[in-house]
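# please find the sequence and the predicted model below.
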Amino acid sequence: MKFKNPPVNSLSLELLTEFIISLEKLENDKTFRGIILTSKDVEDFECGCPSSQTLQAGEGVRSLLQQHMVTAASAGLDLTEMCGKNPAHYAEYWKAVQELWLRLYLSNLVLIAAINMTGTSHGSTQSPVVLLPLQGACPAGGCLISLTCDYRILADNPKYLMGLNETLLGIVAPFWFKDTFVNTIGHRASEQALQLGLLFRPAEALQVGLVDQVVPEDQVLSTALSVMARWMAIPDHARQLTKNMMRKTTVDRLVKQRDTDIQNFVSFISRDSIQKSLQMYLEKLKQKKG
Ligand SMILES: CCC/C=C/C(=O)SCCNC(=O)CCNC(=O)[C@H](O)C(C)(C)COP(=O)([O-])OP(=O)([O-])OC[C@H]1O[C@@H](n2cnc3c(N)ncnc32)[C@H](O)[C@@H]1OP(=O)([O-])[O-]
């Protein structure tokens, strides 16, 4: 599935909705056993296949490639959905973010993130909100999506950054973002990374366990296909039950308090101070262009 929401693949409400619907279709079509999430154009990959609907690589491996679909590399949640809108909109938006995470984290499909980035340039700032220092990033919500996958492959480019940087925007990662992070890199590493809003370069991301492999940019998809072949070799039923056993407790924590989590998000994001921080961050993003 390819993410396509120019210019920075931010997770707008429209994109989230389309992602959820597409995912549901694939889950219900029993001919699909796995998905590679990416943002790079199919034509950019040396996979020896036409950019048509279905791509075969190795025994039993299939990846659906469509327009307007989703990736692991994105600017994260769409800040314009969380800024200057009304509480009903915030609630609708947050419900969609929750829904996507719930579906991805417990998906029966094998999910592989082939992470390659968008982005051009960055500045730095002394203001209370901190812009990402380098080009090409997979921050916050973008990172969360990749964390729901079973395996992550990151393009080896020192300009690429990945992590949960919420505190740099003056906001707090929700508990289920934190849980997903802890499940991936452990408690101590998460404690530090979340407070500092750390964004990891590829070598650091590999070291801390945020990604499973770092490969040259032109090998990201071919590596994803080989990895998929390995995962496909495992009987689905046994693999799915194992995944469920590993992840269900985390999912249940949100399921039990979904409405409360929405209310918390709406009241937090509606605060004047938070709206000011987000506005300032958006303005800084715009200014760095000029
Ligand atoms: C509790 C909540 C939890 C929160 C979770 C999150 O995910 S919070 C999110 C955490 N995410 C971040 O902290 C990432 C913030 N983004 C960045 O750091 C950089 O944009 C980049 C590294 C992704 C790409 O750099 P680049 O130099 O290639 O591109 P550029 O910077 O020039 O931007 C181009 C245009 O896109 C716009 N826009 C950008 N991001 C967003 C967004 N998320 N949304 C909406 N719009 C966004 C930007 O304003 C500009 O608009 P304009 O002026 O054309 O109208």
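Now that the structure is in, tell me what you want to look at.
# state the distance from residue 248 to residue 187.
20 Å (Cβ to Cβ, to the nearest Å). Yep, even glycine has a C-beta here, placed from its N, CA and C like the rest.
# with residue 170 instead?
To residue 187, residue 170 is 24 Å away according to Cβ to Cβ.
# those two: which has the busier surroundings?
For residue 170 against residue 187, the residue with the higher neighbour count under other Cβ atoms under 10 Å is residue 170, and the figures read 17 against 11.
# hmm, the more buried one is touching residue 274, no?
Yes - contact between residue 170 and residue 274 holds when scored by Cβ atoms under 8 Å: they sit 6.8 Å apart.
# and the strand or helix carrying residue 275, which residues are buried?
When secondary structure is defined by DSSP states H and E, residue 275 falls within helix 272-289. Neighbour-count burial for helix 272-289, with 16 or more other Cβ atoms under 10 Å as criterion, is recorded at 274, 277-278, 280-282, 284-285.
# return the member of those residues nearest to residue 232.
residue 285 (40.2 Å; Cβ to Cβ).
# and the closest one, what's its pLDDT?
At residue 285, the model reports a pLDDT of 86.
# kindly report the same for residue 91.
Residue 91 carries a pLDDT score of 98 in this model.
# I'd assumed residue 264 was in contact with it.
No - with contact defined as Cβ under 8 Å, residue 91 does not reach residue 264; the gap is 10.9 Å.
# restrict the buried residues of helix 272-289 to those near the ligand?
Judged by Cβ under 6 Å from any ligand atom, the overlap between the buried residues of helix 272-289 and the neighbourhood of the ligand comprises 282, 285.
# next, count neighbours for residue 222.
The burial count assigned to residue 222 is 17, neighbours taken as other Cβ under 10 Å.
# what about the stretch 151-290 of the chain, any weak spots by pLDDT?
289-290 (pLDDT under 70).
# for residue 163, give me phi and psi.
Listed backbone geometry of residue 163 is phi 160, psi -180, with angles given as degrees, to the nearest 10.
# and for it, the neighbour number?
The local packing of residue 163 (other Cβ under 10 Å) involves 27 other residues.
# for beta bridges, what are the partners of it?
Partner residues in beta bridges with residue 163, using DSSP bridges, are residue 139.
# now it: how far from residue 280?
Noted for residue 163: a distance of 21 Å to residue 280, by Cβ to Cβ.
# quick check: residues of the stretch 151-290 of the chain near the ligand?
Applying the criterion Cβ under 6 Å from any ligand atom, the portion of the stretch 151-290 of the chain that neighbours the ligand consists of 165-166, 169, 171, 174, 282, 285-286, 289.
# now, among those residues, which is nearest to residue 23?
residue 174 (20.4 Å).
# okay, now the closest one: neighbour count?
Per other Cβ under 10 Å, the neighbour tally for residue 174 reads 20.
# give me the phi and psi angles of it.
phi -60, psi 160.
# and for residue 173?
Geometry field for residue 173 lists phi and psi as phi -60, psi 130, criterion degrees, to the nearest 10.
# pull the contacting residues for it.
Residues counted as contacts of residue 173 (Cβ atoms under 8 Å, 6 or more residues apart in numbering) are 140, 164, 166-167, 181, 194.
# closest one to residue 240 out of these, please.
Residue 240 lies nearest to residue 181 out of the contacts of residue 173, by Cβ to Cβ, at 23.2 Å.
# pretty sure that closest one is in contact with residue 194, am I right?
Yes - under the criterion of Cβ under 8 Å, residue 181 lies in contact with residue 194, with a separation of 6.7 Å.
# between those two, which contacts overlap?
With Cβ under 8 Å, 6+ apart applied, the overlap between the contact sets of residue 181 and residue 194 consists of 164, 173.
# who has more neighbours out of the two?
Summary of the neighbour comparison: residue 181 and residue 194, criterion other Cβ under 10 Å, with residue 181 having more neighbours (23 against 20).
# same for the helix or strand containing the more buried one, what does it pack against?
In the assignment (DSSP H and E), residue 181 maps to helix 175-185. Contact partners of helix 175-185 among helices and strands, from 3 or more Cβ pairs under 8 Å, 6 or more residues apart in numbering; DSSP states H and E: helix 87-105, helix 140-147, helix 187-196, helix 236-256.
# rerun that using 10 Å as the cut-off
For helix 175-185, the helices and strands in contact under the criterion 3 or more Cβ pairs under 10 Å, 6 or more residues apart in numbering; DSSP states H and E are helix 87-105, helix 140-147, helix 187-196, helix 202-208, helix 236-256, helix 258-270.
# cool, thanks, signing off.
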